[in-house]
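Enquirer: only geometry, no sequence info:
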């Protein structure tokens, strides 16, 4: 039976199933190490079962760290009208790729 789970990490929620690769905000852990993600909900693809947490389920989702690195550059601009103030900054967010091992 194929199941999907909703997991929470870094203040965001992701819908995952076994074998998926997701990109999340930076997490602690070396490449190849296992991490546990909080499971908020789980349901079957055919709609036969549904489990909702209040706020989370007791089970966790196991994921493996595949890669760590930086994302694309994000530009941030500040502008004030009529005073000739313009400021452009940028940064590259630290990201982690996770492979979902078990749901």
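Expert: Yep, that arrived. In this text, all values refer to a predicted model and were calculated from it rather than measured experimentally.

Enquirer: Name the spans of the protein whose pLDDT lies under the cut-off.
Expert: Scanning the chain with the threshold set as pLDDT under 70 gives 1.

Enquirer: Phi first, then psi, for the most centrally placed residue in it.
Expert: Closest to where the C-alpha atoms of the chain average out (CA atoms, centre = their mean) is residue 24, at 3.6 Å. Here the main-chain torsion angles of residue 24 (degrees, to the nearest 10) amount to phi -130, psi 170.

Enquirer: i'd like the first residue to be 30 from this point on
Expert: Sure, I'll start counting at 30 from here, so that last one is residue 53.

Enquirer: what residues are up against it?
Expert: Taking CB atoms under 8 Å, 6 or more residues apart in numbering as the contact definition, residue 53 lies against 38-39, 41, 43, 124-125, 127. Placement of C-beta: from N, CA and C, glycine included.

Enquirer: if we go to 7 Å?
Expert: Residues counted as contacts of residue 53 (CB atoms under 7 Å, 6 or more residues apart in numbering) are 38-39, 125, 127.

Enquirer: for those residues, which one is nearest residue 68?
Expert: residue 38 (10.9 Å; CB to CB).

Enquirer: coming back round to it: what distance do you get for the residue nearest to the centre of the chain to residue 109?
Expert: Distance of residue 53 to residue 109, computed by CB to CB, to the nearest Å: 35 Å.

Enquirer: circling back to that earlier point, among the contacts of residue 53, which are in helices?
Expert: Of the contacts of residue 53, none are assigned to helices by DSSP state H.

Enquirer: Can you name the two of those that sit furthest apart?
Expert: Farthest-apart pair in the contacts of residue 53 is 39 and 127; separation 10.9 Å (CB to CB).

Enquirer: more crowded one of these two?
Expert: residue 127 (26 against 11; other CB atoms under 10 Å).

Enquirer: wouldn't that one be in contact with residue 51 here?
Expert: Yes. Using CB atoms under 7 Å, residue 127 is in contact with residue 51, at 5.4 Å.

Enquirer: At which residues are the strands of the chain located?
Expert: When secondary structure is read from DSSP state E, the chain shows strands at 32-38, 41-45, 50-54, 63-73, 79-81, 89-99, 103-109, 114-120, 123-131.
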